[in-house]
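**Student:** One predicted model, sequence on top.
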Amino acid sequence: MGNRHRGSSFRRHVVASVAAIAFVAGAFWSSGTGAAERNRINEQVFAMGYGRIAEAYLGPVDFVRLGIDGLKGLAGIDSDIDTELNGKVVRVYAAGTLTGEYSAPIDPGGWAALTTKAVERARSFSVQLRDASPERIYQAVFDSVTADLDGYSRYTGVQRATSERAQRDGYGGVGITLDFVNGRPVVRDLIGRGPAERAGLKAGDRLLAVDGEPVAAMPETDVRDRLRGPTGTLVSLTVDRDGGTQRRLSVRRERVVPNTVTVSISDGVAVLKLDRFNAATATNLRDALGVVTRAPAGSVTGVVLDLRGNPGGLLDQAVAVADLFITSGRIITTEGRHPDSRQRWDAADDDAAEGLPLAVLVDGRSASSAEVVAAALQDSGRAVIIGASSFGKGSVQTVTRLPNDGELFLTWSRIYTPAGYTLHRQGVQPTVCTSRGGSNAAELLGDLRDGRLPSAVQLADWRSKAPDDDAALHQLRDACPWREHEPELDLTVAKLLLADPALYARAVTLSAGRTVAARQTSATP
């Protein structure tokens, strides 16, 4: 995919929301660990978390402040717990009684050790802390610590982290989606060429039992948990169809990555909907584009990439998706404190859509990786953006898997578009705005045809000032504010625009003109 970056190791690890880098820890609790030991606080959880903050966070941090605030987070479990810093001495109290006094360290390892000691000591004075699981304590401390950083740095506990990893990176499973009809699981969809499809399962089959255990009375989560398991293991499924003869199938679990792409073709336009960006999104989108380009000649005259409501996901997948359409030039740039956070991605010389006119739909819920794709396609002149100002999440997060199997997300870089502006808070501005209200598709395209749109120079001027000037930022966002409106309006505008080659060409030229203006007023890092 071209000259993406300076080091191959970064590309192998990028995941995100916009993006993240997975650093997986060992030293997980074993199943044979005793109950008392499992209830103890693991200092390595704090040590790894604090160490990653010191190493990777976007800016330098004051660990005295962070460490104190982490201990203050214990008040979320027991409001009688209080922490104070007096000079270089840390004191922790429970209901006014001093539980411990410690010398304040300045390094992450010292704070990890102090936090562990202080928590264990305070638990002997507090029933609420003593009854709280280690996981709840980790959550309370890290929630308080990350609140000092920014709105996107966060800690996720074991249960949520496990679910997010499955959606992001895949899981061991059989490759089916279930609907529950009157409490009974029915196969709604199957991953193409997946293990269940190869074993003969079909949409509409009823799932009766898993490994001989009837599932009719099972909670939905239990059914799904039984279908999942380590890759390579066998699971027995008992199914029938419309009450007919029961069949028993043996299916070997494989790594399953949910499909986040759907495709439909109508009125000569292919609509590609991306729900989020996971490890298979670019591959699934390329397959969908293959369906489009193999359609009978002349049956598809344009493509709509629908990113509305897409919250983002893996950064490398966003880059790969943009690269499916762009044939040359910069895709994105990232800048941060850590050397590995400073990256450049450039496009390779291919277009999986084979040059078909492209419109991209965004709204106020399009964020992160979705904004990366929209901005790259707009700045390169490859697509016309339609909809409303996107969310404005232009930062990259690393995700560190901690020894307890929870995850710590830390903002480590900012994203810059090919035109040189940051997506942070600003978002992507559509060329055709559909969210102002009171307009129909013909009127909106009339504004484009007659040149009644905000000038490229004005938009670029606001963009150049927006990082440091809230007034300019508000003017920029107000040029196309996000408001709820009829979703079909965006698609109608896109289809009308793609059906009018001259007007589409005008819109592309206007988009490119805005990009030139932005480059002239922005300093590309």
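**Tutor:** Looks like it came in fine.
**Student:** and whichever strand in the chain runs longest, what does it pack onto?
**Tutor:** In terms of residue count, the longest strand belonging to the chain (DSSP state E) is strand 407-416. Contacts defined by 3 or more Cβ pairs under 8 Å, 6 or more residues apart in numbering; DSSP states H and E place strand 407-416 against helix 43-56, helix 134-146, strand 154-156, helix 158-169, strand 330-335, strand 395-401. Where you see a C-beta, it was placed from the backbone N, CA and C, and this is true even at glycine.
**Student:** For the helix or strand that it is followed by, which outside residues touch it?
**Tutor:** Taking DSSP states H and E as the definition, the helix or strand that follows strand 407-416 towards the C-terminus is strand 432-433. By Cβ atoms under 8 Å, 6 or more residues apart in numbering, the surrounding residues in contact with strand 432-433 are 384-388, 444-445, 447-448, 453, 479-480, 493, 497, 507.
**Student:** Would you pull up how far whichever helix or strand comes after strand 432-433 lies from the middle of the chain?
**Tutor:** Going down the chain from strand 432-433, the next helix or strand is helix 441-450, by DSSP H and E. Distance, stretch centre to chain centre, for helix 441-450: 34 Å (Cα atoms, centre = their mean, to the nearest Å).
**Student:** swap in stretch 269-279?
**Tutor:** That offset, for stretch 269-279, works out to 14 Å (Cα atoms, centre = their mean).
**Student:** Ok, stretch 237-249 next?
**Tutor:** 38 Å.
**Student:** for stretch 417-436, same thing?
**Tutor:** 19 Å.
**Student:** and the end-to-end length of it?
**Tutor:** End-to-end distance of stretch 417-436 (Cα to Cα, to the nearest Å): 25 Å.
**Student:** quick one: residue 485 and residue 350, what's the gap?
**Tutor:** As judged by Cβ to Cβ, to the nearest Å, residue 485 and residue 350 stand 36 Å apart.
**Student:** who's more crowded, the two?
**Tutor:** Neighbour totals were compared for residue 485 and residue 350, and residue 485 leads with 17 against 13 (other Cβ atoms under 10 Å).
**Student:** nearest residue to that one other than its sequence neighbours?
**Tutor:** Excluding its sequence neighbours, the residue lying closest to residue 485 (Cβ to Cβ, 6 or more residues apart in numbering) is residue 435, at 5.6 Å.
**Student:** Residue 386 now?
**Tutor:** Leaving aside its sequence neighbours, residue 386 sits nearest to residue 432 (Cβ to Cβ, 6+ apart; 4.7 Å).
**Student:** what is the mean pLDDT for stretch 397-404?
**Tutor:** For stretch 397-404, mean pLDDT is 94.
**Student:** just stretch 239-246 next, same as before
**Tutor:** Stretch 239-246 comes out at a mean pLDDT of 89.
**Student:** most neighbours per residue, which of the helices and strands packed on strand 407-416?
**Tutor:** Most buried of the helices and strands packed on strand 407-416, by mean neighbour count (mean count of other Cβ atoms under 10 Å): strand 395-401, with a mean of 25.
**Student:** Between strand 407-416 and that strand, find me the angle.
**Tutor:** Using axes from the mean of the first three to the mean of the last three Cα atoms, to 10 degrees, one finds that strand 395-401 and strand 407-416 are set 160 degrees apart in direction.
**Student:** any idea how far strand 395-401 is from the chain center?
**Tutor:** Taking the mean of its C-alpha atoms, strand 395-401 sits 10 Å from the chain's own mean (Cα atoms, centre = their mean).
**Student:** Hmm, residue 272 and residue 304 touching each other?
**Tutor:** Yes. Assessed by Cβ atoms under 8 Å, residue 304 is found in contact with residue 272 at 6.9 Å.
**Student:** What distance do you get for residue 388 to residue 481?
**Tutor:** Using Cβ to Cβ, one gets 7 Å for the distance from residue 388 to residue 481.
**Student:** what is in contact with those two at once?
**Tutor:** Both residue 388 and residue 481 are in contact with residue 435, where contact means Cβ under 8 Å, 6+ apart.
**Student:** Neighbour count: those two, which is higher?
**Tutor:** residue 388 (28 against 14).
**Student:** So the residue lying closest to the more buried one once chain neighbours are set aside versus residue 362, what's the distance?
**Tutor:** Closest residue in space to residue 388, ignoring its immediate chain neighbours: residue 435 at 3.6 Å, by Cβ to Cβ, 6+ apart. Residue 435 sits 10 Å away from residue 362, going by Cβ to Cβ.
**Student:** Check the contact lists of the two and give me the overlap.
**Tutor:** Common neighbours of residue 435 and residue 362 (criterion: Cβ under 8 Å, 6+ apart): 387-388.
**Student:** out of these two, which sits in the more crowded spot?
**Tutor:** Shown here are residue 435 and residue 362; by other Cβ under 10 Å, residue 362 has more neighbours (33 against 19).
**Student:** who does the more buried one bridge with?
**Tutor:** Per DSSP bridges, the residues bridged to residue 362 are residue 387.
**Student:** And the pLDDT at it?
**Tutor:** Per-residue pLDDT puts residue 362 at 97.
**Student:** so what's it up against?
**Tutor:** Shown in contact with residue 362 (Cβ under 8 Å, 6+ apart): 307-308, 370-371, 374, 385-388, 390, 428, 430.
**Student:** could you redo the last one with a cut-off of 6 Å?
**Tutor:** 307, 374, 387, 390, 428 (Cβ atoms under 6 Å, 6 or more residues apart in numbering).
**Student:** Same question for residue 320.
**Tutor:** Residue 320 neighbours (Cβ under 6 Å, 6+ apart): residue 282.
**Student:** how far away is the spatially most central residue of the chain from residue 456?
**Tutor:** Centroid check for the chain by Cα atoms, centre = their mean gives residue 313 as the closest residue, at 2.6 Å. Computed with Cβ to Cβ, the distance linking residue 313 and residue 456 is 31 Å.
**Student:** Leaving out the residues flanking it, which one is nearest to the most far-flung residue of the chain relative to its centre?
**Tutor:** Distance from the C-alpha centroid of the chain, by Cα atoms, centre = their mean, peaks at residue 97 (44.2 Å). Using Cβ to Cβ, 6+ apart and skipping residues adjacent in sequence, the residue nearest residue 97 is residue 125, 6.2 Å away.
**Student:** just residue 392 next, same as before
**Tutor:** Per Cβ to Cβ, 6+ apart, closest to residue 392 is residue 427, 3.7 Å.
**Student:** for residue 107, same thing?
**Tutor:** Distances taken as Cβ to Cβ, 6+ apart put residue 63 closest to residue 107, at 6.7 Å, once the chain neighbours are dropped.
**Student:** could you pull out the helices for the stretch 151-300 of the chain?
**Tutor:** Under the criterion DSSP state H, counting those that start in this stretch, the stretch 151-300 of the chain carries helices at the ranges 158-169, 195-199, 220-227, 281-293.
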